[in-house]
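*Asks:* mind folding the following:
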Amino acid sequence: MKLSAAVSTPDAKFSALALKGDFDEIFALVKRHGLHGAEIHVRDPRDVDAGQINELKHRHGLEIPAIGTGRAFGEDGLCFSDPDPAVRRAAVARIKSHADLAHALGSHIIIGLILGKNPRTPEIEKNAADCMRECADYAADRGVDLFVEPINRYETGFIITAHDCLSFFETVDRPNCKVLLDTFHMNIEEADICATIRMAGARIGHVHVADSNRWHPGAGHIDFEQILAALHEVNYAGFLSAEMFPNPDPETAIAGMAAHLRPMLERLR
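*Replies:* Sure thing, here's the model as predicted:
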């Protein structure tokens, strides 16, 4: 397993992005603290230069494990389960453009709130599943996976637990749809985080880390030693990407995450 941090441009409104600013400066900070990746959150791929990001990625010796798409929902209102077909079509088009960017960067796509916050009714699920299939097929042709994130009940009414996500995958029926487990959301919704990890097993595509207070790991009460052991048990070898508040300040948060998790990873080797 490798360490990463979620980063974005300075105009991002989502508060749980510890690093916002110029990508060159952010990538340098991430590398300085020994992380292996930078998960980038992009509102619209037309706003970024894939060639420039690739150049920065190689210069700093980093990977781009995933591309966050939540800003398309939060800032543009795009949604797979919206009752308006025009909104759904626009959401699909946006995610396809994210798939093109992911292909260019050797990355994958995060699907979270773009599924919508609507309660999971048959009509809502059908709309979301139809959009997911179209996006998954488009992404698969480009070697890109879709990482679907269960989000706690206070933020959505759709996919809340890992079990919800896996049952949604039965409807979507596409192998490149994987589960994104987020320790902050799991601490709220999962009765047993480690049991959930074992249940999801090989379907886990990506992991977000933040403590119980959404500060950096080590600043709350989540037992990351047990969580990393469970991930190791199911042979998860992907990224642990910090999606957390920039508290007490961004660099201290990144340093705290790395200092807390790195010794645990070394003990698993």
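*Asks:* list the contacts of the nearest residue to Gly112 once chain neighbours are set aside.
*Replies:* Spatial nearest neighbour of Gly112, excluding adjacent residues (Cβ to Cβ, 6 or more residues apart in numbering): Glu149 at 4.2 Å. C-betas here are computed from N, CA, C, even on glycine. Glu149 sits next to Ile110, Ile111, Gly112, Ile159, Cys165, Leu180, Asp182, His185, His208 when contact means Cβ atoms under 8 Å, 6 or more residues apart in numbering.
*Asks:* need the per-residue pLDDT for Glu149.
*Replies:* pLDDT for Glu149: 98.
*Asks:* quick one: list the elements packing against the helix or strand of the chain with the lowest mean pLDDT.
*Replies:* Lowest mean confidence among the helices and strands of the chain (mean pLDDT, DSSP states H and E): strand 19-20, at a mean of 80. Judged by 3 or more Cβ pairs under 8 Å, 6 or more residues apart in numbering; DSSP states H and E, strand 19-20 is in contact with strand 2-8, helix 23-32, helix 250-268.
*Asks:* now do the same end-to-end measure for stretch 184-193.
*Replies:* From its first residue to its last, stretch 184-193 covers 11 Å (Cα to Cα, to the nearest Å).
*Asks:* stretch 187-199 now?
*Replies:* 16 Å.
*Asks:* now for the helices and strands packed on strand 19-20, which one comes closest to Ala237?
*Replies:* Nearest of these to Ala237, taken as Cβ to Cβ: strand 2-8 at 8.3 Å.
*Asks:* who's in contact with Ser81?
*Replies:* Arg88, Leu115, Gly116, Asn118, Ile124, Glu125, Asn127, Ala128, Cys131, Phe158.
*Asks:* circling back: which one of the helices and strands packed on strand 19-20 lies closest to Glu189?
*Replies:* Closest among the helices and strands packed on strand 19-20, using Cβ to Cβ: strand 2-8, at 20.0 Å.
*Asks:* just the helices in the stretch 151-269 of the chain please.
*Replies:* Taking DSSP state H, counting those that start in this stretch as the test, the helices found in the stretch 151-269 of the chain are 162-172, 183-189, 193-200, 224-233, 250-268.
*Asks:* reformat those as JSON lines; add mean pLDDT, distance to Ser97 and mean neighbour count.
*Replies:* Below are the helices of the stretch 151-269 of the chain laid out as JSON lines (pLDDT from 0 to 100; distance: least, Cβ to Cβ, whole Å; neighbours: other Cβ atoms under 10 Å):
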{"stretch": "helix 162-172", "mean pLDDT": "97", "distance to Ser97": "20", "mean neighbour count": "17"}
{"stretch": "helix 183-189", "mean pLDDT": "98", "distance to Ser97": "26", "mean neighbour count": "22"}
{"stretch": "helix 193-200", "mean pLDDT": "98", "distance to Ser97": "28", "mean neighbour count": "18"}
{"stretch": "helix 224-233", "mean pLDDT": "98", "distance to Ser97": "31", "mean neighbour count": "18"}
{"stretch": "helix 250-268", "mean pLDDT": "96", "distance to Ser97": "28", "mean neighbour count": "17"}
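*Asks:* quick one: which of those is nearest Tyr138?
*Replies:* Nearest to Tyr138, of those and by Cβ to Cβ, is helix 162-172 at 13.4 Å.
*Asks:* packing partners of the closest one?
*Replies:* On a contact count with 3+ Cβ pairs under 8 Å, 6+ apart, helix 162-172 meets helix 122-140, strand 146-148, strand 177-182, helix 193-200.
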